[in-house]
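1. Give me a model of this one.
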Amino acid sequence: MRLRNILLVIFVPGLPLLLLVMLGKCASHQFGALGYYDHSGARIESSEGALQLSDFDLIDQSGRRVTPDSLRGTIWLTAFFSIDSASTPHLALMTKQLLWPNWRYRDEGDVGTLCFSLRPELDRPSDLQAYIDRNTRYNGEPGKWIFLTGSNADIDQAIVESFLLERDPMDPYNVATLFLVDEHGYVRQKYLATSEHEIGEAVEDIALLKKYKKRSR
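-> Numbering: from 1, shown residues only. Purely as a prediction, here's the structure:
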């Protein structure tokens, strides 16, 4: 009995610390598990042969030309929708979901929101600019929300080649998938836009990419 009491005195106080170490190792393993996609959409661990932004040339809300090269250096949470409420009945929900990560990283210039217009014939650059101004008025850094437009053919080509995303011809303006693109243009993760849980995961994954970026300097 005395020996058991001695062992309890020795080991029990250290048990919480041991659990924290074990949990820390598990959490670290989970936290460092963000990979890539290959060109078939399968998950891979290395950037070799990984899916990357294609060679598109579109314009943003200010009329500025945007290419993948001009997006490098920034981590982008990417969405696809029209700001025409008749085409996008879920516009308010989509905006609300995007505002969460935008607010979390509002003062960090290397994190942004990238949107592709799914109805460019209705989404005029001036209207896109007004939409962005409303939603970024508290941002501490400029240029953190970009809305791309152009011809339907160019946009479709960009989202198919960059994200392996093909629009449903029966419901072409409803795309409920978000993608996370790293500072090198690689597609790293995707999320269901209507899920608050998955938006929370996107916020955490952005923090992870920022950690990777800091380590590589």
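
2. for Leu91, what are its contacts?
-> Neighbouring residues of Leu91 by Cβ atoms under 8 Å, 6 or more residues apart in numbering: Phe81, Ser82, Ile83, Ser85. In this view, the C-beta of every residue, glycine as well, is placed from N, C-alpha and C.

3. same thing with Ile159?
-> Phe80, Phe116, Leu165, Arg167.

4. 10 Å - rerun?
-> Ile159 makes contacts with Ser54, Phe56, Thr78, Phe80, Phe116, Leu118, Leu148, Leu165, Glu166, Arg167, Val175, Phe179, as judged by Cβ atoms under 10 Å, 6 or more residues apart in numbering.

5. Kindly report the same for Tyr36.
-> Counted by Cβ under 10 Å, 6+ apart, Tyr36 has contacts 42-52, 182, 186-189.

6. State the distance from the closest residue to it other than its chain neighbours to Gly35.
-> Nearest non-adjacent residue to Tyr36, counting by Cβ to Cβ, 6 or more residues apart in numbering: Ala50, 3.8 Å away. As for Ala50, its distance to Gly35 is 9 Å (criterion: Cβ to Cβ, to the nearest Å).

7. and for the two, which residues touch both?
-> Here Ala50 and Gly35 have Ile44, Tyr186, Arg188 as joint contacts, going by Cβ under 10 Å, 6+ apart.

8. And these, which is closest to Lys144?
-> Arg188 (18.6 Å; Cβ to Cβ).

9. any idea where the helices of this structure begin and end?
-> 2-11, 15-31, 68-71, 91-104, 125-135, 152-163, 196-215 (DSSP state H).

10. Lowest average pLDDT across those helices?
-> When the helices of the chain are compared on mean pLDDT, helix 15-31 scores lowest, with a mean of 34.

11. Buried ones in stretch 170-188, by neighbour count?
-> Buried positions in stretch 170-188, judged by neighbour count with 16 or more other Cβ atoms under 10 Å: 173-176, 178-188.

12. Which residues are in contact with the nearest residue to Leu128 once chain neighbours are set aside?
-> Spatial nearest neighbour of Leu128, chain neighbours left out: Gln61 (3.8 Å); criterion: Cβ to Cβ, 6+ apart. Shown in contact with Gln61 (Cβ under 10 Å, 6+ apart): 115, 117, 123-133, 145-149.
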